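Chemist: Sequence first, predicted coordinates after that:
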Amino acid sequence: MSEQESYERIAMYADSQYKRAEAVKKLTNLKLLFDIAERKSESSYLVSREAAGRLRELQMETVSVLDDQMSLVDIAKNDRSVDVRCAAVNKLVDQEILFIIAKTDNSEDVRHAAINQITDQRILADIAKEAETAEISVMAVEKLTDQNLLAEIIRNEKEYSYYDTYKVAVKKLVDQDILLYVMNNEDSFVIRKLAVKNITNQETLADIAMNDNNIHVRETAYEMVTNKSILGAICGTLEAHHKSHVWADIGGCRKRCSVCGKVAYNHKEVVVNEYNSPDGGGGYRDFKCTVCGHESRVASSHSENVQKGYV
C-alpha cells in the first residue's frame, strides 16, 4: 500500500475526526478532497474544512505552474474558491474574457483582479459604464488614460450611474478643451474645483479666479496662478476676496500684499465679550487687539471678516 493510499484510508475510515483531519492535510487526490470538502463522505465539519483548505492549496499550486490559457479560463470561471479564481485571473491575457469575468463574477475580489489585468482602454470605459457597483466603475476609470474616452464619460455623464465615476474622470483629464467644457457646463462647484486643478493656461485661470460664481473655485484657480503680473491683476479686481492677496506683515498691526501693494489691518485680536440673542435673532462679538489695544464690535455671523478691513 502506497503512502497516499494509507492517508486516504485514514481520511475516510479512522474513528477519530482529528486523525481524519490530519490525514486530509496530506492528501493529493483532488476528487477525494472535493468529496470530503463537500461532506459527501464526511460528517465532521472539522475534517471537511481541512479538506477544503488542502484542496485550495493544491489548486493554487496547480495554477502557479499552469500556462495554458484555456485551462486558466476554465479555473477562473468555474472554480469554487475565490482565491483560486483570483490566481487564475491574474495569469489571463484575453481582454474579452477578463471583461466578462469583471462583469459577472459573484466575488468583488475576482472582479478587482480581472480589472487589474485589463489594459484595453475601450473595455475599461465599458466596464465603467456598465458596472453594477460604484467601486468597480471607479476602479475601471482610474485605469483610463485615453483622453477621448474620458471625454466621452464627461459628455455623457447621465449614462453613468455613479457620481464618483464622473469625479475620477474629471480628475484624470489633461485635455484643456475638455476641462474648459467642464468649467462652462458643470453646475457642481465640486466638479469645477477638480477640473480647475488641471488647467494650465494662466489667463484662463485668472479669468476663473475673477469670474466663477463659487468662492472655492475662485480660490483654487487663484492658487494655480503663478504669473505675478496676472496675480496683480487678480488682486486689483478681487479686493473683497481677501484670500486672493499675498500678505506680509509690515508692523504696526498692518500687512501689505506683496503682489499688488494693497495694505490692510493685521490686528492680533481676541474675543473679549460675546452676546447671543436669546430668540436666536443674532448677536455680536467684541474684539481687542493684544498688540495695540484696538477694539471692534462685529456681528457674530460676520466675525470671521474682522481682519478684512483695508487701510
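Modeler: Alright, I've got the coordinates.

Chemist: just for the stretch 201-311 of the chain, where's the confidence low?
Modeler: 228, 232-233, 236-245, 259, 280-281, 300-311 (pLDDT under 70).

Chemist: tell me the helices in it, going along the chain?
Modeler: 202-211, 215-224, 228-237 (DSSP state H, counting those that start in this stretch).

Chemist: Could you dump those into CSV and include distance to residue 299 and mean neighbour count?
Modeler: C-betas here are computed from N, CA, C, even on glycine. As requested, the helices of the stretch 201-311 of the chain are arranged in CSV below (distance: least, Cβ to Cβ, whole Å; neighbours: other Cβ atoms under 10 Å):
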stretch, distance to residue 299, mean neighbour count
helix 202-211, 28, 18
helix 215-224, 19, 19
helix 228-237, 27, 17
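
Chemist: which one of these lies closest to residue 131?
Modeler: helix 215-224 (29.5 Å; Cβ to Cβ).

Chemist: follow-up on the earlier one: rebuild the helices of the stretch 201-311 of the chain as TSV, extending it with distance to residue 194.
Modeler: Output for the helices of the stretch 201-311 of the chain, formatted as TSV (distance: least, Cβ to Cβ, whole Å):
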stretch	distance to residue 194
helix 202-211	13
helix 215-224	9
helix 228-237	21
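
Chemist: Residue 145 is nearest to which of those?
Modeler: The nearest among the helices of the stretch 201-311 of the chain, by Cβ to Cβ, is helix 215-224 at 22.3 Å.

Chemist: need the strands for the protein, in chain order.
Modeler: Ranges of strands within the chain are 247-251, 254-257, 263-265, 269-276, 283-289, 295-299, based on DSSP state E.

Chemist: Redo those as a markdown table? Include distance to residue 32 and mean neighbour count.
Modeler: Converted to a markdown table, the strands of the chain look like this (distance: least, Cβ to Cβ, whole Å; neighbours: other Cβ under 10 Å):
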| stretch | distance to residue 32 | mean neighbour count |
| --- | --- | --- |
| strand 247-251 | 78 | 11 |
| strand 254-257 | 81 | 18 |
| strand 263-265 | 84 | 16 |
| strand 269-276 | 78 | 13 |
| strand 283-289 | 80 | 17 |
| strand 295-299 | 82 | 14 |
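
Chemist: what's around residue 165, how many residues?
Modeler: Residues lying near residue 165 (other Cβ atoms under 10 Å) number 23.

Chemist: Quick check, it in contact with residue 128.
Modeler: Yes. Look at residue 165 against residue 128 with Cβ atoms under 8 Å: they come within range, at 5.6 Å.

Chemist: Find residues that contact each of those two.
Modeler: Shared contacts of residue 165 and residue 128, defined by Cβ atoms under 8 Å, 6 or more residues apart in numbering, are found at 137-138, 141, 153.

Chemist: and of those, the nearest to residue 175?
Modeler: residue 153 (12.3 Å).

Chemist: Please report the distance of the closest one from residue 129.
Modeler: Look at residue 153 and residue 129: by Cβ to Cβ, to the nearest Å, they are 8 Å apart.

Chemist: do the same with residue 254
Modeler: From residue 254 to residue 129 the distance is 57 Å (Cβ to Cβ).

Chemist: now do residue 89
Modeler: Counting by Cβ to Cβ, the gap from residue 89 to residue 129 is 21 Å.

Chemist: Identify the residues contacting residue 75.
Modeler: 59, 63, 66, 84-85, 88.

Chemist: okay, the residue nearest to residue 123 when sequence neighbours are not counted: pLDDT?
Modeler: Spatial nearest neighbour of residue 123, excluding adjacent residues (Cβ to Cβ, 6 or more residues apart in numbering): residue 99 at 4.9 Å. In this model, residue 99 is scored at 94, pLDDT.
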